[in-house]
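Student: after the sequence you'll find the predicted model.
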Amino acid sequence: MARARLLKPGFFSNEELCELPPFGRLLFAGLWTIADREGRLVDSPRWIKAQIFPFDNVPVDKLLTDLDDAGFIQRYGRPGGKKYIQVSKFSEHQKPHVREAESTIPAPGSALDEDEQRQTLDVPKDDLRSPVSKSVPKS
């Protein structure tokens, strides 16, 4: 779902951003509108293209790589093949509406949740509990 976001005048005169092609700069602005309140979104170039460039033939995956290489976004993965994007410095430039839903996407480098641990370790859910939390069999 697209959200209302603000672009500051400095966006258009950013010397690093101007090194990217025009569609790259437009993609960067568009990412802000589809990112959640923390500046995160699923890294799905096909879906992103449908949201931002539905009528244009734009190489979104390559442009996302260019934005990542330039430090404007961070592409990161999680166990199970889940891929996400974090818009860099998003919280410095955006003040999401108070009613906007909390992010459900993990932050880059955040600790794995229980489901991700299970996928990574390939162990049953019960085996992730600490030895202290497991019940001791009665003799």
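Tutor: Good, I have the coordinates.
Student: between the two ends of stretch 35-45, how far is it?
Tutor: Start and end residues of stretch 35-45 are separated by 13 Å (CA to CA, to the nearest Å).
Student: one more: stretch 8-23?
Tutor: Note: stretch 8-23 ends 18 Å apart using CA to CA.
Student: buried ones in that stretch?
Tutor: Residues of stretch 8-23 classed as buried: 17, 20, 23 (neighbour count, 16 or more other CB atoms under 10 Å). Bear in mind the C-beta positions are built from the backbone N, C-alpha and C, glycine included.
Student: would you turn these into CSV with pLDDT and distance to residue 53?
Tutor: As requested, these are arranged in CSV below (pLDDT from 0 to 100; distance: CB to CB, whole Å):
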residue, pLDDT, distance to residue 53
17, 93, 18
20, 96, 15
23, 97, 7
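Student: inside helices: which ones of the residues you listed?
Tutor: When DSSP state H defines the helices, the subset of these inside them is residue 23.
Student: make CSV out of the buried residues of stretch 8-23 and add distance to residue 58.
Tutor: Putting those into CSV (distance: CB to CB, whole Å) gives the following:
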residue, distance to residue 58
17, 17
20, 13
23, 5
